[in-house]
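Engineer: sequence first, then the predicted structure:
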Amino acid sequence: MVKVKICGLTRLEDARLAETLGAAALGFIFAAESRRFIPDGNRQWIRDFRAEVPKTGVFTTQSAEEILQIVSFCKLDRVQLHSRLSFPDPGLFPVPVWQVLSPDDILSGNIPLHPAIDGYLADTSVNGKTGGTGIPFDWTRIPDFSLPKPLIVAGGLTPENLPDLLKIVHPAWIDVSSGIEESPGIKNPEKMKKLFEVVNSNR
């Protein structure tokens, strides 16, 4: 049964709706280069939001110290790392880690192993940027084999192409952001509802 993480949330009302519809995790982006970036002055609502599901912080090149500060302030339950170079030791963080990998990483077996890693998120790699592109990768490139931890698939997922993904790959999770938006960071309620309708019909 695939679980859903709704990512790129920038508004409380969207986070609440995602949880009401059945999201198993919520994602907030703390990478300044993202159009869904949550700046310092707009983080209190994340701290105050008592979600019933894990709150995940998405990070790229921030220092471990900065990530730790954000995890503490926003009361995050998980860290999603889009860079392995900066953090060779995921155990630096007091919460579980989702490590982002490109399809090439997975195919080559270039998979980091660490007790703190709680899942591997496969996302599109474009010009060296893994994640946040809104572009699907070729799902047939991900073999249906067992990883040491659950597989999460991201990258341009929409209510329309999700059935195709689920026929090809059997991930534990899907991670959806741009495919259910009106504009970057602003979720479309009808698209979000449609996504969960598709997920529920494929259970």
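Structural biologist: Sure, I can see it.

Engineer: quick check: longest helix in the chain by residues?
Structural biologist: Taking DSSP state H as the criterion, the chain has its longest helix at helix 189-201.

Engineer: that one packs against which elements?
Structural biologist: Judged by 3 or more Cβ pairs under 8 Å, 6 or more residues apart in numbering; DSSP states H and E, helix 189-201 is in contact with strand 3-6, helix 12-21, helix 162-168. For glycine as for every other residue, the C-beta is placed from the backbone atoms N, C-alpha and C.

Engineer: of those, which is nearest residue 59?
Structural biologist: strand 3-6 (15.1 Å; Cβ to Cβ).

Engineer: for this structure, which spans come out with low pLDDT?
Structural biologist: Scanning the chain for pLDDT under 70 picks out 84-88, 125-133, 143-145.

Engineer: what about the residue nearest the centre of it, helix or strand, and which?
Structural biologist: Geometric centre of the chain, nearest residue: residue 175, 4.8 Å, by Cα atoms, centre = their mean. For residue 175, the host element (DSSP states H and E) is strand 173-176.

Engineer: then residue 104?
Structural biologist: Assessed by DSSP H and E, residue 104 sits inside helix 103-108.

Engineer: so which bits of that helix are buried?
Structural biologist: 103, 105-106 (16 or more other Cβ atoms under 10 Å).

Engineer: centre of the chain to it, how far?
Structural biologist: 18 Å (Cα atoms, centre = their mean, to the nearest Å).

Engineer: and what of stretch 91-102?
Structural biologist: A distance of 12 Å separates the centroid of the chain from that of stretch 91-102, by Cα atoms, centre = their mean.

Engineer: residue 118 - that's part of a strand, no?
Structural biologist: Yes: counting by DSSP: H, G, I helix; E, B strand; the rest coil, residue 118 falls inside a strand.

Engineer: what sits against the closest residue in space to it that isn't next to it in sequence?
Structural biologist: Spatial nearest neighbour of residue 118, chain neighbours left out: residue 96 (3.6 Å); criterion: Cβ to Cβ, 6 or more residues apart in numbering. With contacts defined as Cβ atoms under 8 Å, 6 or more residues apart in numbering, residue 96 is in contact with 77-79, 116-119.

Engineer: kindly report the same for residue 91.
Structural biologist: Residues in contact with residue 91 (Cβ under 8 Å, 6+ apart) are 114-116.

Engineer: restricted to buried residues, select these in PyMOL.
Structural biologist: Of the contacts of residue 91, the buried ones go into a single PyMOL selection, burial set by 16+ other Cβ under 10 Å:
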select buried, resi 116
